[in-house]
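>>> no sequence for this one, just the structure:
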Ligand code: PEP
Ligand code: MG
């Protein structure tokens, strides 16, 4: 039976395919596809972990003290039976051999499939055995996780492209960490739906950068949609249509084709410079997550990278941080991909919805979005920070690099960064006989405090980049990843617009470069307003570049300046922008 699931539209377009449910259980595990020649090894890893848990359960049962309650022995027997059950172990084996899921994913997929069968049982006692199954799976996953940590395994960087037979696949998950989504970059999934998340959650941003339609905050999606269901994702409307009728399917296939034609048409603008009608050149930069993205950014028409989110090099490595050499090679690769164009490297910004490691999570912090994240974490880990700065300076020998500091709130943080940088420079000659390269230093303005003390900070920096995603979050006290308050996450809020306008004005009058690298830069509803506020540098996900450029080519900056002032003075800025035809 066809039905619809409603969520928040975060990445446009239409995707049609079969649902692949990921991590629907309560255990959060890595999801990736194994290479064909590693399938047998993965099956052995999975079966080995099941066998080890069975052995542990036998030992536990045998060691039960004589006075232990008989229910405990019975419970261990149930768990043991499950750990050896062919429906469970064999089912997991099939996910690995037929779908090439990694062992952890296969186990949770099978747990979810059997869990549904338990849910449908009439008998209360049997229905409740689902909890036992989950406990057994958690034990097995713990064994796999211990083995992975011992063996230093992490998500593989490359994924098979030929996976999944002929049917396109869509990812359906309760939640998916941005780092895991990056793991699916190689084009395996055509779209995704999650139960949680907001428009500027990092998972949504990664989806936009991958140019795949996505719907987040769809609450019950991962419970209602089943493995292999045919689903249409309408990324413009924020809905998923499950088991669509042939008429609906035909309509969406038509829309899909129209969108492809539009993309082809837009690609003609790719390498044309973005200049307004009245002659103002506008810099079009890209946001990237991995060094390889730099190449795609150039192909999409970027003139450089305005934001390299280096935290993706740090995430999901089982707690091990990348070495200085690994980082140097990654930054250098990005620079080489850019062929002489500028690379803005943001120092690591982990925390909140980008935990270092899924097993570390952020849940031990009371309020992770306000906790030890971004530059706060870097300053608290001076050895790690110096390593990153050294790696960046070393890479800067190969091309133009700008150094960007995330989440600055205090002037003292900037001073500490500068003195750390001085120290790394002073030690340079002990590592290299080449002169230490100069890099421009900039800060993200993404905490209202930074916007409000900008006059004190500007003399110490070469440029600023406005991170509207966090600026909105911290100005309005709205968690950007929480779908429950997504309707209150309002980029048009006068307080947000005033802060942005003031940062652009101050930076320009101090002669410092200013750019916007938050999602507003790639949102067509704000292109005219930002131009009118004097912005001449935009940094966005590569797929949005041609769209925004098209707007810029048709804009008259002088006229927009007056209109922007009008919008800002109005009680209802969004309403006024619409009346003036800006949004
Ligand atoms: C921002 O906050 O606007 C930004 C660009 O940084 P991130 O989205 O990585 O937090
Ligand atoms: Mg930010």
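That came through fine. These numbers come from a predicted model, not from an experiment. Ligands and ions are numbered 1, 2, ... in the order given.
>>> Surely residue 16 is in contact with residue 253?
Yes. Using Cβ atoms under 8 Å, residue 16 makes contact with residue 253 at a distance of 6.9 Å. Using the backbone N, CA and C atoms, a C-beta is placed for each residue, glycine as well.
>>> out of those two, which sits in the busier spot?
residue 16 (21 against 13; other Cβ atoms under 10 Å).
>>> Make sure I have this right: that one is in a strand.
Yes. Looking at residue 16 with DSSP: H, G, I helix; E, B strand; the rest coil, it is inside a strand.
>>> ok, now which ones touch it?
For residue 16, the contact set (Cβ atoms under 8 Å, 6 or more residues apart in numbering) comprises 168, 190, 230, 231, 232, 233, 249, 252, 253, 256.
>>> mind checking the backbone torsions on the one residue in the stretch 51-200 of the chain that gets nearest to ligand 1?
Residue nearest to ligand 1 within the stretch 51-200 of the chain (Cβ to the nearest ligand atom): residue 200, separated by 6.5 Å. As for residue 200, its main-chain torsions (degrees, to the nearest 10) stand at phi -110, psi 20.
>>> count of residues packed around it?
Other residues near residue 200 come to 24 when the count uses other Cβ under 10 Å.
>>> ok, now how distant is it from residue 192?
16 Å (Cβ to Cβ, to the nearest Å).
>>> could you pull out the strands for the stretch 51-200 of the chain?
169-173, 189-194 (DSSP state E, counting those that start in this stretch).
>>> same deal with the stretch 451-583 of the chain?
With DSSP E, counting those that start in this stretch as the criterion, the stretch 451-583 of the chain has strands spanning 463-466, 513-516, 537-540.
>>> before we move on, which element is residue 241 in?
strand 239-242 (DSSP states H and E).
>>> What pairs with that strand, parallel or antiparallel?
strand 3-6 (antiparallel), strand 230-234 (antiparallel) (DSSP bridges).
>>> Of all the residues in the longest one, which ones are buried?
Of the residues in strand 230-234, those with enough neighbours to count as buried (16 or more other Cβ atoms under 10 Å) are 230, 231, 232, 233, 234.
>>> Also the first one?
In terms of neighbour count (16+ other Cβ under 10 Å), strand 3-6 has its buried residues at residue 5.
>>> What's the mean pLDDT across that strand?
Taken as a whole, strand 3-6 has an average pLDDT of 95.
>>> who touches the helix or strand following it?
For strand 3-6, the following helix or strand on the C-terminal side (DSSP H and E) is strand 8-11. Where contact means Cβ under 8 Å, 6+ apart, the residues beyond strand 8-11 that reach it are 191, 197-199, 201, 204, 207-208, 210-218, 234-238, 483, 486.
>>> coming back round to it: quick one: contacts of the strand holding residue 241?
2-7, 19, 193, 215, 218, 221, 224-225, 229-234, 248, 252.
>>> Residue 522: what's it in contact with?
By Cβ under 8 Å, 6+ apart, the contact list for residue 522 reads 208, 538, 540, 541, 544, 545, 547, 548.
>>> Any of these buried? List them.
With burial judged by 16+ other Cβ under 10 Å, the buried subset of the contacts of residue 522 is 208, 538, 540, 541, 544, 545, 547, 548.
>>> and the residues you listed, which two are the farthest apart?
208 and 538 (14.4 Å; Cβ to Cβ).
>>> What segments of the stretch 201-350 of the chain are strands?
Ranges of strands in the stretch 201-350 of the chain, per DSSP E, counting those that start in this stretch, are 214-216, 230-234, 239-242, 274-275, 281-288, 305-309, 343-346.
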